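**Q** sequence? don't have it. structure:
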């Protein structure tokens, strides 16, 4: 009986064998890697968040709020703007019902944030949705928008990216609030520290004004906020928010009309024709 030899395998050229140690080889995508990427995306914003938390802690103690309550607000409410407004209303002796309703109205913007990212989390279990909903803030949402359109391999770990960004901001906010509470007694009360609140939000909003509707909303809201500053219980903020939304939607609606689209297309074709000539 004769044995039949197996045919030899063709040799693979050395230049076609993948080198796992090649520095040019893209790194493997992992859940922890995406978590770190989300935390790194939030890192530049922490330059404004940390002083913001310090200021809140100082103002809360200066307003007569117990230290434990000031820290609990950062853990439960976890919203810089609403916590600042809550502190101001607390100082003014505003009734608890009005404080609760005002803080809820200020935080309504998070409903828009959650509606934007909800489709990317629809396949996840409820515990993940609850975690990211808790960590969702203005700065975290700004970082999350970078991954909303991902359809490649990173999309399967997109929630880890959200988690990393949200946790980085949450941790820095808790630590900075505690530090502000601890040093609050040593800071003179006549220092206008609350002025850093609008500066922080200006730094967040201005880089995102990329459309005429965005600019219209920002300018309208700013004008209305100044004009309605004297309204009681900070109602001017709600007037400004609603007015800004209305102005932005009006400009966006005009830009989406068929006539406006045709005019824009003709303008572009005319400019292309001039360049070709």
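**A** Sure, I can see it. Predicted model only: the values in this text are computed from it and were never measured. Numbering: from 1, shown residues only.

**Q** Strands of the stretch 1-150 of the chain, residue ranges please.
**A** Counting by DSSP state E, counting those that start in this stretch, the stretch 1-150 of the chain has no strands at all.

**Q** Helices of that one, start to end?
**A** Using DSSP state H, counting those that start in this stretch, the helices found in the stretch 1-150 of the chain span residues 31-42, 46-62, 67-76, 80-91, 96-106, 109-121, 126-135, 138-144.

**Q** what does the shortest one rub up against?
**A** Around helix 138-144, the neighbours that count as contacts under CB atoms under 8 Å, 6 or more residues apart in numbering are 38, 41-42, 45, 49, 80-81, 109, 113, 116-117, 136, 161-162, 165-166, 169, 201, 204, 208. Any C-beta I mention is one placed from the backbone N, CA and C, and that applies to glycine too.

**Q** go again using 6 Å as the cut-off
**A** The contact list for helix 138-144, computed with CB atoms under 6 Å, 6 or more residues apart in numbering, reads 41, 42, 45, 113, 117, 162, 165, 166, 169, 204.

**Q** And for the fourth one?
**A** Around helix 80-91, the neighbours that count as contacts under CB under 6 Å, 6+ apart are 52, 56, 59-60, 63, 73, 77, 99, 103, 106-107, 197, 234.

**Q** In that helix, which residues are buried?
**A** For helix 80-91, the neighbour count (16 or more other CB atoms under 10 Å) marks 80, 81, 82, 83, 84, 85, 86, 87, 88, 89, 90 as buried.

**Q** Including pLDDT and distance to residue 229, could those go into CSV?
**A** CSV is the format used below for these (pLDDT from 0 to 100; distance: CB to CB, whole Å):
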residue, pLDDT, distance to residue 229
80, 84, 20
81, 81, 16
82, 87, 18
83, 89, 20
84, 85, 15
85, 84, 13
86, 88, 18
87, 87, 18
88, 83, 13
89, 86, 15
90, 87, 19
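
**Q** between these, which is closest to residue 215?
**A** The closest of the buried residues of helix 80-91 to residue 215 turns out to be residue 81 (CB to CB; 21.1 Å).

**Q** quick revisit: of all the helices of the stretch 1-150 of the chain, which lies closest to residue 254?
**A** The nearest among the helices of the stretch 1-150 of the chain, by CB to CB, is helix 109-121 at 21.3 Å.

**Q** which parts of that closest one are buried?
**A** Using 16+ other CB under 10 Å as the burial criterion, the residues of helix 109-121 that qualify are 109, 110, 113, 117, 120, 121.

**Q** what does stretch 59-66 give?
**A** 59, 60, 61, 62, 63, 65.

**Q** Equivalent analysis for stretch 213-231, please.
**A** For stretch 213-231, a neighbour-count test (16+ other CB under 10 Å) marks 213, 214, 216, 217, 218, 220, 221, 222, 224, 225, 228 as buried.

**Q** same deal with stretch 28-35?
**A** 33, 34, 35.

**Q** cool, stretch 238-248 as well?
**A** Buried residues in stretch 238-248, counting neighbours by 16+ other CB under 10 Å, are found at 238, 240, 241, 243, 244, 247, 248.

**Q** out of everything not next to it in sequence, what's closest to residue 172?
**A** Excluding the flanking residues, the one nearest residue 172 by CB to CB, 6 or more residues apart in numbering is residue 46, at 5.1 Å.

**Q** and the gap between the one you found and residue 52?
**A** Separation of residue 46 from residue 52 (CB to CB, to the nearest Å): 10 Å.
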